[in-house]
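In: have a look; sequence and predicted model below, questions after that.
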Amino acid sequence: MGYFYKLIMMNYVKVKKKLFEACVLFVDERYKTIETVMQSFKNDLTAETKSSAGDKHEIGRAMLQLEMEKTSQQLASVIEMKEILTKISIKKSSDSICLGSLIKTTKVNYYLAISAGKITIDLVDYFAISTNSPIGKQLLGKTVGAIIRFNDATILEIN
């Protein structure tokens with residue numbers, strides 16, 4: 001392997017590390033937000049128990065419990081994202097697209113990890129997407145030169 005190839009690969013590892021760290025930060029922030037919301041609901045539920053009586057009380061409790069269920073589902077989603085991130089090796093490189101791949105196409109750059117949206121690293125935009133997203137499903141297993149139906153993009157590089 002030549003010097004320039006090693007240099008390019010080191011750069012990809014640095015970019016993948018920054019993308020991975022941005023995804024971890026995204027998950028951590030979502031987790032903290034959900035924890036705060038759940039604690040607020042618990043406090044509201046306790047206050048509702050102490051201060052209300054009758055039908056209004058029952059409706060208020062039921063609505064709070066519904067909101068708590070929605071928030072619990074969001075928490076489960078965040079926990080699943082954390083688990084997915086534990087399966088990613090930033091140093092791994094592959095000829096075909098898999099979890100943790102950095103993908104450059106003729107249209108957009110992707111990082112196949114979790115759905116975290118647009119992340120800018122060194123003035124270059126990447127879209128962190130999950131393997132379960134429509135575009136993620138299209139990309140999985142593809143190789144350089146493959147054309148994906150999303151925006152008729154051609155895959156240029158995989159790292």
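Out: Alright, I've got the coordinates.

In: tell me the secondary structure at the spatially closest residue to residue 108 that is not a sequence neighbour.
Out: Nearest residue to residue 108, sequence neighbours excluded (CB to CB, 6 or more residues apart in numbering): residue 127, at 6.0 Å. Placement of C-beta: from N, CA and C, glycine included. Secondary structure for residue 127, judged by DSSP: H, G, I helix; E, B strand; the rest coil, is strand.

In: please name the nearest non-neighbouring residue to the spatially most central residue of the chain.
Out: When CA atoms, centre = their mean is applied to the chain, the residue found nearest the centroid is residue 114 (2.6 Å). Counting by CB to CB, 6+ apart, residue 81 is the residue found nearest to residue 114 once chain neighbours are left out, at 4.6 Å.

In: so who does that neighbour touch?
Out: Contacts for residue 81 (CB atoms under 8 Å, 6 or more residues apart in numbering) come out as 23, 27, 30, 114.

In: so how do I select the buried members of these in PyMOL?
Out: Selecting the buried subset of the contacts of residue 81 in PyMOL, with 16 or more other CB atoms under 10 Å as the burial test, is done by:
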select buried, resi 23+27+30+114
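
In: let's have the contacts of residue 81 in a markdown table, adding secondary structure.
Out: Shown next, in a markdown table, are the contacts of residue 81 (three-state DSSP):
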| residue | secondary structure |
| --- | --- |
| 23 | helix |
| 27 | helix |
| 30 | helix |
| 114 | coil |
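
In: ok, which stretches of this protein are strands?
Out: Remark: strands assigned in the chain by DSSP state E are 102-105, 109-113, 117-121, 124-130, 147-148, 153-158.

In: and the pLDDT for the closest residue in space to residue 156 that isn't next to it in sequence?
Out: Excluding the flanking residues, the one nearest residue 156 by CB to CB, 6+ apart is residue 104, at 4.7 Å. pLDDT recorded at residue 104 is 93.

In: these two touch, right, the residue nearest to residue 108 and residue 107?
Out: No: taking contacts as CB atoms under 8 Å, residue 127 lies outside contact range of residue 107: 10.5 Å.

In: which of the two has more neighbours?
Out: Higher neighbour count among residue 127 and residue 107: residue 127, with 17 against 13, using other CB atoms under 10 Å.

In: how much space between that one and residue 145?
Out: From residue 127 across to residue 145, the span is 21 Å (CB to CB, to the nearest Å).
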